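Participant: fold the following for me, if possible:
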Amino acid sequence: MFKSIFSLLFYLLILTVSISGCGYHLVGSGSLPAHIKTISIPLFINKTQEQGAEDVLTRAVINEFITGKVKLVDSSQADARLSGEIVSYVVQPTQFNSNKQVIQYKLTVGVNVKLEDLVNRKVLWEQQNLTEDEDFNVSPDISPIELDDRERRAFERLAEDLAGRILDLATEGF
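Facilitator: Numbers count the residues shown, from 1 in each chain. Predicted structure coming up:
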C-alpha cells in the first residue's frame, strides 16, 4: 500500500542516525541494566500481507527510543537489541449506517517483541502478540484512495501508540 515512500524514508532515517553518530538514547519510566550503553533496533519482520507496515512500525519504535540514556547504534556495536515481528494486521468493519453501509473500521495489529542483552547473551524481556487497535471513520461514498489514506493514517497513529507501549514495557522493572 505505502511501502516505497516509507521504505525510503525509513532507510534515510537509519542512514542519518548512522552517519551523524549523535547520542540517540532511551527514555521511559524505567531504565535498562547499567552495562547496557547501546542498543540496535533492526527493521521489524512483517509476517502479514500489509506492505510497508514494518517500515512504519520500526520508525515509530525508533522515534520512541531516540532520547535518553542508551545510544542507538548498528547491531555490530550494540549491547542490546530490540527486535520485533508484525504477526497480524486486521481491518474489520465495526459500524454501519441505516443502509448497512460501513461507516467505521477497526484496525488491529499484533506484534511479537524481544529485548536481548547481547553482552550477557540473555533475553531481558519478551512479549508475544502485543496488540493495539485504532478506529477510523469512512463515508459510504469514499474512494478507494481515500480509504487507503485513512487506513494509513490510522496505522501511523496505532504505530505511535504501540511504540510507546513497547518502550514502557521494555524498560519496566530495571
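Participant: C-alpha from now on. contacts and neighbour counts both.
Facilitator: Noted.
Participant: buried residues in the longest helix along the chain?
Facilitator: Looking across the chain with DSSP state H, the single longest helix is helix 144-171. Neighbour counts over helix 144-171 (16 or more other Cα atoms under 10 Å) mark 147, 150-152, 154-171 as buried.
Participant: with stretch 114-123 instead?
Facilitator: Using 16+ other Cα under 10 Å as the test for burial, stretch 114-123 gives 114, 115, 116, 117, 118.
Participant: okay, now residue 47: neighbour count?
Facilitator: 15 (other Cα atoms under 10 Å).
Participant: which parts of this structure are strands?
Facilitator: Applying DSSP state E to the chain gives strands spanning 38-40, 45-46, 71-72, 80-96, 102-117, 122-137.
Participant: among those, which is the most enclosed?
Facilitator: Of all those, strand 71-72 has the most neighbours on average by mean count of other Cα atoms under 10 Å, namely a mean of 26.
Participant: packing partners of that one?
Facilitator: strand 38-40 (3 or more Cα pairs under 8 Å, 6 or more residues apart in numbering; DSSP states H and E).
Participant: residues making contact with the strand it packs on?
Facilitator: 70, 71, 72, 73, 74, 75, 77, 78, 79, 80, 81, 82 (Cα atoms under 8 Å, 6 or more residues apart in numbering).
Participant: possible to save the buried residues of stretch 114-123 as JSON lines with pLDDT?
Facilitator: Output for these, formatted as JSON lines (pLDDT from 0 to 100):
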{"residue": "114", "pLDDT": "97"}
{"residue": "115", "pLDDT": "96"}
{"residue": "116", "pLDDT": "96"}
{"residue": "117", "pLDDT": "96"}
{"residue": "118", "pLDDT": "97"}
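Participant: and stretch 132-139, how far out from the chain's middle?
Facilitator: Centroid displacement of stretch 132-139 relative to its chain, using Cα atoms, centre = their mean, to the nearest Å, is 18 Å.
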